[in-house]
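> Need coordinates for the below:
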Amino acid sequence: MLKRIAITGPESTGKSWLAAGLAAEYGEPWVPEFARQYLEAINRPYNFNDILKISEGQYEAEEKLTGRAKEWLFCDTDFLVTRIWCLVKFGKSHPWIDHMVENHTYEHYLLCNTDLPWEADPLREHPQLREELFGRYLAELEQRKLPFSIISGTNHARLQNAIKVLNGIKEK
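Okay, the predicted model is just below:
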């Protein structure tokens, strides 16, 4: 049975790096973050409805890759990311995103800790809110009783910590 793994958390916590590393380790596909591709292409400031389009695009990309996965599908972002993004930026979330948070769950969520240094990027917005945002992710995962692990560590240690979690899931 296919196990979808959501790699979630605040900006600049190594989600993309971790997704790529896990995919390489297990020889499985990973779903890149659709938001980056979308935002680089629109050539204007994004708005509330753009986050819905990003969520839909992320879902479509994920669904396309399910056929290539044998055991694992690593998803570099999830609907919690777009929900929290909407709430922080616009003070509300899209009903479709909220529906997906409730109904499109993952085998396990890897919540990336903020123990990595911030890396500036034109698409990143909140270096000063990383701890607060981490708290929001943690609260959402706990409140919804979703299976998750906090992934900490730098470089190889971070990847090894995630592998240890996934190997534990595999043994179940």
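> which residue ranges form the helices in the protein?
In the chain, the helices defined using DSSP state H lie at 15-26, 34-42, 48-65, 79-90, 95-103, 130-143, 155-171.
> can you tell me which of those comes nearest to L73?
helix 48-65 (6.1 Å; C-beta to C-beta). For the C-beta atoms, the positions are set from N, CA and C on the backbone; glycine is no exception.
> what residues does the closest one touch?
4, 29-35, 37-39, 42, 73, 75, 77-79, 82, 85-86, 89-90, 92, 94, 96-97, 100, 104 (C-beta atoms under 8 Å, 6 or more residues apart in numbering).
> Give me the buried entries from those residues.
Among the contacts of helix 48-65, those buried by neighbour count (16 or more other C-beta atoms under 10 Å) are 4, 29-35, 38-39, 73, 75, 77-79, 82, 85-86, 94, 97, 100.
> Quick check: the residue nearest the centre of the chain vs Y46, distance?
By C-alpha atoms, centre = their mean, the chain has its centre lying nearest to T77, at 2.2 Å. With distances taken as C-beta to C-beta, to the nearest Å, T77 is found 15 Å from Y46.
> same check, this time on Q143
When Q143 is compared with Y46 (using C-beta to C-beta), they lie 27 Å apart.
> Pick out whichever of those two has more residues nearby.
Ranked by neighbour count (other C-beta atoms under 10 Å), Q143 and Y46 place Y46 first, with 16 against 8.
> If I look at that one, what pLDDT would I see?
At Y46, the pLDDT value in this model is 95.
> Find the nearest non-adjacent residue to it, please.
L39 (6.0 Å; C-beta to C-beta, 6 or more residues apart in numbering).
> and the one you found, what pLDDT?
Reported pLDDT for L39: 94.
> residues in contact with it?
46, 50, 54, 123.
> Then Q37?
Going by C-beta under 8 Å, 6+ apart, Q37 touches G57.
> And K145, by the same measure?
K145 neighbours (C-beta under 8 Å, 6+ apart): none.
> and what of T154?
115-116.
> So for it, what's the pLDDT?
Confidence for T154, expressed as pLDDT, is 89.
> any low-confidence regions in the protein?
Where the chain drops to pLDDT under 70, the residues are 120, 122, 124, 171-172.
> Could you measure from R83 over to I97?
To I97, R83 is 5 Å away according to C-beta to C-beta.
> Identify the contacts common to the two.
Common neighbours of R83 and I97 (C-beta under 8 Å, 6+ apart) do not exist.
> how close does P95 get to V88?
18 Å.
> Thank you, goodbye.
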